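Peer 1: Return atomic coordinates for the entry below.
(one chain, ligands or ions: 1)
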Amino acid sequence: MKDFQFKKKFGQNFISDKNLLIAISNDANLSIQDEVLEIGAGAGSLTEILSGCAKKVISFEIDKDLQAHLESLNLKNVEFIFQDFMKFDMKELENKFTGKYKVVANLPYYITTPIIFKFLEEAKKVESLTIMVQKEVAERICAKPDSKDYGILTVMLEFYGNSRICRIINRNMFFPAPNVDSALINIEICPKYPTIDKHDFFNFIKVCFSMRRKTLLNNLSSRYSKDFLKNKLDEKVLKMRSEDLSLKDFVNIYEKLN
Ligand code: SAM
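Peer 2: Predicted structure coming up:
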């Protein structure tokens, strides 16, 4: 790692504090039978801890300058993949695991949300995600209706599972320190409405939140005619704003319209 140049474009903010790394793996609730996926090995500090708590670890790293160092760690149950995780085929990745697997990662911030959605939309065998994200993203994920943070991310994550903030982490725990604090969140994947087409429901939620301050009638009229909406839904509901509705409300409305 001597002479290593940190690359901002890859979101390289490393953690070396051993207690924090152990706390992250504890929050992921790992057992020695678990298979784990890490995205962004960095200098391998978290990878080493994961390697000691799990049966097998697959760890992605985009930066080939880290390859020689990571391979020199000689972690027997770890497979490093030096590729862009976002471009890797999910089916090919999941074939590497014998059963369900857990994601544990200090994510590169510039692609936090796309990574989360890649799992929600494409993964079939993922059991949980224990991931470091910007504090502000964690607050959006775990927000309650009628708050400024409540939105598409909140509703879709609730649709796919249960999320909680495990701990808030000060920016000074990273090197180099980012501009914002972070939070470790745990997302347990357990779809609550398995019969609903997830892609269509996602599009519906995007339409519902397209203009935050507008009523549901206004937003939904870009997808359905006003007459149809008035026919299917109560006037009271049509006057509501998406930020006031729970996941259950959205599902009820979606089912009435489909
Ligand atoms: N796990 C290390 C730690 O906790 O110290 C490093 C975490 S750092 C926040 C994120 C890492 O993800 C960096 O090493 C970066 O090079 C890597 N990375 C960034 N974009 C990536 C991508 N698209 N695919 C795989 N790795 C990526």
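Peer 1: any bit of stretch 43-51 sitting next to the ligand?
Peer 2: Yes. Using C-beta under 6 Å from any ligand atom, stretch 43-51 reaches the ligand at 43, 45-46. (Each C-beta comes from the backbone N, C-alpha and C, glycine too.)
Peer 1: what's in contact with that stretch?
Peer 2: Stretch 43-51 is contacted from outside by 1, 4, 14-16, 18, 21-22, 24-25, 30, 36, 38, 41, 57, 59, 66, 69-70, 73, 75-78, 104-106, using C-beta atoms under 8 Å, 6 or more residues apart in numbering.
Peer 1: So how do I select the buried members of those in PyMOL?
Peer 2: Command for PyMOL that selects the buried part of the contacts of stretch 43-51, burial taken from 16 or more other C-beta atoms under 10 Å:
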select buried, resi 14+15+21+24+25+30+36+38+41+57+59+66+69+70+75+78+104+105+106
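Peer 1: Among the contacts of stretch 43-51, which ones are in strands?
Peer 2: Taking DSSP state E, the ones among these that sit in strands are 14-15, 36, 38, 57, 59, 78, 104-106.
Peer 1: follow-up on the earlier one: most neighbours, which of the residues of stretch 43-51 next to the ligand?
Peer 2: Each of these was scored for neighbours by other C-beta atoms under 10 Å, and Leu46 scores highest at 26 neighbours.
Peer 1: Contact distance from the ligand - what residues of this structure qualify?
Peer 2: Near the ligand, the residues belonging to the chain are 10-15, 39-43, 45-46, 60-63, 84-86, 106, 108, 111 when assessed by C-beta under 6 Å from any ligand atom.
Peer 1: mind redoing it with 5 Å?
Peer 2: For the chain, the contact set with the ligand under C-beta under 5 Å from any ligand atom comprises 10, 12-15, 40, 42, 45-46, 60, 62-63, 84-86, 106, 108.
Peer 1: Could you list which of these belong to helices?
Peer 2: Mapping the residues of the chain next to the ligand onto helices (DSSP state H) picks out 45-46.
Peer 1: Quick one: buried ones out of the residues of the chain next to the ligand?
Peer 2: Buried members of the residues of the chain next to the ligand, scored by 16+ other C-beta under 10 Å, are 10, 12-15, 40, 42, 45-46, 60, 62-63, 85, 106, 108.
Peer 1: Looking at these, which is nearest Ala138?
Peer 2: Checking those against Ala138 with C-beta to C-beta, the nearest one is Asn106 at 13.3 Å.
Peer 1: Dig out what the closest one forms beta bridges with.
Peer 2: Judged by DSSP bridges, the bridge partners of Asn106 are Met132.
Peer 1: all helices for this protein, in order.
Peer 2: Assigned by DSSP H, the helices in the chain fall at 18-27, 45-53, 67-72, 90-94, 112-122, 135-141, 152-160, 198-208, 216-220, 226-232, 235-238, 247-257.
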